[in-house]
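*Asks:* A structural model of the following input is requested.
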Amino acid sequence: MMLDRNLKILLVSSEVAPFAKTGGLADVAGSLPKALTAMGNDTRIVLPRYRGVGDFPTVTDFPVKIGNRIETCVVRESTIEAKLEEGGTKPVPVYFIDNYHYFDREGIYCHHDDAERYAFFCQAVLEMIKQINFRPNVIHCNDWQSGLIPFLLKEKLATDQFYQGIATVFTIHNLMYQGNFPKDCLEYFNVGNEYFQPESLEFYGQLSFMKGGLVYADVINTVSKRYAQEIQTPEFGHGFEGLLRKRSQDLHGIVNGINYHEFNPKTDPRIFRPYDSSSVQDKYENKFGLQREMDLPVKNVPVIGLISRLVDQKGLDLIEVAFDWLMQQELQFVVLGSGDKYYEEKLARMRERYPHKMGLYLGFNGILAQRIYAGSDMFLMPSKFEPCGLGQLISLRYGTIPVVRATGGLADTIVDYNANTDSGNGFSFEPYDSKVMLETISRALQVYNREPEKWRRLVVNAMEQDFSWNRSGAEYLELFDLAISKHTKSFQIA
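*Replies:* Prediction:
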């Protein structure tokens, strides 16, 4: 049940678009607060100020104790704009935790002292809200970098009246990344070894930031209902499946949304020709423009797009096995991504073998990504696992039909097309098998080539689905309500 009052919400994330981004977490952290603000909530965001982030005005500064040392935190502030349904915009405050020693360096992650960096971040966030006198109803922590905030609130700051009554929600975006470090890193929080035990922060002999969120947050969620079920199994739980089953009553799944103002084929300035569900024929101009840009023959053949991190998780080994068969079909294949050198080199060799059937861009190119979403006919996502996935949601918005493996958020968002009932919004398969993937692609090609009117209706249906943050934001408000109620009850019992 929704609260009948507006909430004060602090979203904590290690990356937030447009300020710092390595993946989908940044998109979520930059979009969800806009939706929550547009719904009337006082929503604010906090992240580290990495190198390259603007030199925004200073709000306050204060000392943070890290073990035996004192480090200074400088808090800076900027805003992003939430678009309101009634027109106009409203600013969403964004705070930056600034410390030259920890954050002024190349790259966001994978530094030798990441435990110390994010220990500083967690403690600085909690001191910041006191310094600026912003006492949220709920702190929304995202992934391991903010996982020890719920722990600090319940164990270290429990007697401080300012922090009493602040509920916590911990969101798992990808359980594979856990923030596990040597036991000695516990000293950064100035707490005793009594917390280094299986019921608390210890995880197979290490201190786990992820476990801090899983054990101490009032409510846990992840980014799809299917993934919330999957991570309670040994195959997807990465060692946490027992703990997650134990907390299954507190574990929820909410599919991410996308920003429908940014991802709108009718107004997107990055694509070759605007269109909507009433003018899907104009999508062909985007195909032809994409073909020209990727040095492919300009003709009306089905184009399959792939935009991905080039890593094992994304099912690239299935594509590798199936690639020669794909290239024998009357189609074109366009790939944008970067990642493991093995896959980058493999794709480059594939492109050399089939230069008139495959387009390849290794790296990140935001404009080209939009042109692939708009210009492709199908969008391939054969992932081994996919907590939520944003690519299939963006492709639906642009009328590009997803072909996906039914796992995690892909299973929650893509309904397999049924030619008999003319229902569904994409094509999906379950076994992780290249032959089954090819059979699914073949089904999609048959509808495209032989039943153009059915394909047109499928495209229109895809474009008219609602995966905006408006829907997901409302679900998050219900989740925050649940966390506040649970926290209030546990506080009263204590």
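
*Asks:* could you name the helices and strands sitting against the biggest helix by length in the chain?
*Replies:* Among the segments of the chain that qualify as a helix by DSSP state H, the longest is helix 469-493. With contacts defined as 3 or more CB pairs under 8 Å, 6 or more residues apart in numbering; DSSP states H and E, helix 469-493 has these neighbours: helix 24-38, strand 138-142, strand 167-172, strand 219-222. (C-beta placed from N, C-alpha, C; glycine too.)

*Asks:* and the first one with helix 469-493, angle?
*Replies:* Right, the one you point to is helix 24-38. 80 degrees (axes from the mean of the first three to the mean of the last three CA atoms, to 10 degrees).

*Asks:* please save the CA atoms from the helix or strand that helix 24-38 is followed by in PDB.
*Replies:* Later in the chain than helix 24-38, the nearest helix or strand by DSSP states H and E is strand 42-48. What follows is strand 42-48, C-alpha atoms only, in PDB (Å, rounded to 0.1, in the frame of the first residue of the first chain):
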ATOM      1  CA  ASP A  42      12.000  14.900  -2.000                       C
ATOM      2  CA  THR A  43      14.600  12.600  -3.800                       C
ATOM      3  CA  ARG A  44      18.300  13.300  -3.600                       C
ATOM      4  CA  ILE A  45      21.300  11.400  -5.000                       C
ATOM      5  CA  VAL A  46      24.900  11.000  -3.700                       C
ATOM      6  CA  LEU A  47      28.000   9.500  -5.400                       C
ATOM      7  CA  PRO A  48      31.700   9.900  -5.300                       C
END
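
*Asks:* adjacent strands (with direction) for strand 42-48?
*Replies:* strand 8-12 (parallel), strand 89-98 (parallel) (DSSP bridges).

*Asks:* what does the helix or strand just after the longest one contact?
*Replies:* Okay, so that is strand 89-98. With elements assigned by DSSP H and E, the helix or strand that comes after strand 89-98 is helix 100-103. Contact partners of helix 100-103, identified using CB atoms under 8 Å, 6 or more residues apart in numbering, comprise 48, 49, 50, 51, 71, 97, 113, 116, 117, 120, 121.

*Asks:* in helices only, show me the residues you listed.
*Replies:* Checked against DSSP H, the contacts of helix 100-103 include these in helices: 116, 117, 120, 121.

*Asks:* what's the farthest-apart pair in the residues you listed?
*Replies:* 116 and 121 (9.8 Å; CB to CB).

*Asks:* okay, the two: which has more neighbours?
*Replies:* Taking other CB atoms under 10 Å, residue 116 and residue 121 do not tie; residue 121 has more neighbours (24 against 20).

*Asks:* wait, doesn't the more buried one sit right on residue 145?
*Replies:* Yes. Taking contacts as CB atoms under 8 Å, residue 121 lies within contact range of residue 145: 6.7 Å.

*Asks:* now the common contact residues for the two.
*Replies:* Counting by CB under 8 Å, 6+ apart, the common neighbours of residue 121 and residue 145 are residue 14.

*Asks:* okay, buried residues for stretch 364-376 please.
*Replies:* For stretch 364-376, the buried set under the neighbour-count rule, 16 or more other CB atoms under 10 Å, comprises 368, 369, 370, 371, 372, 373, 374, 375, 376.

*Asks:* so residue 306: helix, strand or coil?
*Replies:* Secondary structure assignment for residue 306 (DSSP: H, G, I helix; E, B strand; the rest coil): strand.

*Asks:* quick one: contacts of the least confident helix or strand in the chain by mean pLDDT?
*Replies:* With mean pLDDT, DSSP states H and E as the measure, the helix or strand of the chain carrying the lowest mean pLDDT is helix 469-493 (a mean of 88). Under the contact criterion CB under 8 Å, 6+ apart, helix 469-493 has outside partners 1-3, 7, 9, 31-32, 34-36, 38-39, 41, 137-138, 140, 164-169, 217-219, 221, 250, 252, 254-260.

*Asks:* what do you get for stretch 75-89?
*Replies:* 18-19, 30, 33-35, 37-38, 45, 49, 54-61, 90-98, 124, 128, 131-132, 261.

*Asks:* cool, and stretch 282-296?
*Replies:* Applying CB under 8 Å, 6+ apart, the external contacts of stretch 282-296 come out as 265, 271-275, 297-300, 303, 332, 334, 355-361, 368, 371-372, 374-377, 398-399, 459.

*Asks:* from the contacts of helix 469-493, which would you call buried?
*Replies:* With neighbours counted by 16+ other CB under 10 Å, the contacts of helix 469-493 contain buried members at 7, 9, 31-32, 34-36, 38-39, 41, 137-138, 140, 166-169, 217-219, 221, 250, 252, 254-260.

*Asks:* domain ranges for this structure?
*Replies:* 8-257+470-493, 280-465 (automatic domain parsing).

*Asks:* and the last one, how far apart are its ends?
*Replies:* Read it as domain 280-465. Domain 280-465 has an end-to-end distance of 15 Å (CA to CA, to the nearest Å).

*Asks:* now swap in stretch 185-197 and tell me
*Replies:* End to end - CA to CA - stretch 185-197 spans 14 Å.

*Asks:* go through it and flag the buried ones.
*Replies:* In stretch 185-197, counting by 16+ other CB under 10 Å, buried: 185, 186, 187, 188, 189, 191, 195, 196.

*Asks:* for stretch 82-89, same thing?
*Replies:* Neighbour counts using 16+ other CB under 10 Å place residue 82 of stretch 82-89 among the buried residues.

*Asks:* still on that earlier bit, got TSV for the contacts of helix 100-103, with distance to residue 463 and pLDDT too?
*Replies:* What follows is the contacts of helix 100-103, written out as TSV (distance: CB to CB, whole Å; pLDDT from 0 to 100):
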residue	distance to residue 463	pLDDT
48	37	98
49	39	98
50	36	97
51	40	95
71	50	97
97	40	98
113	47	96
116	47	98
117	43	98
120	45	98
121	40	98
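
*Asks:* out of those residues, which are buried?
*Replies:* Buried among the contacts of helix 100-103 (16+ other CB under 10 Å): 48, 49, 50, 71, 97, 116, 117, 120, 121.

*Asks:* what about the third one, distance to residue 26?
*Replies:* Going from residue 50 to residue 26 by CB to CB, to the nearest Å gives 11 Å.

*Asks:* between these two, which contacts overlap?
*Replies:* With contacts defined as CB under 8 Å, 6+ apart, the residues shared by residue 50 and residue 26 are residue 20.

*Asks:* for the protein, longest strand please?
*Replies:* Assignment by DSSP state E gives strand 69-83 as the longest strand of the chain.

*Asks:* now do that strand against strand 89-98, angle only.
*Replies:* 160 degrees.
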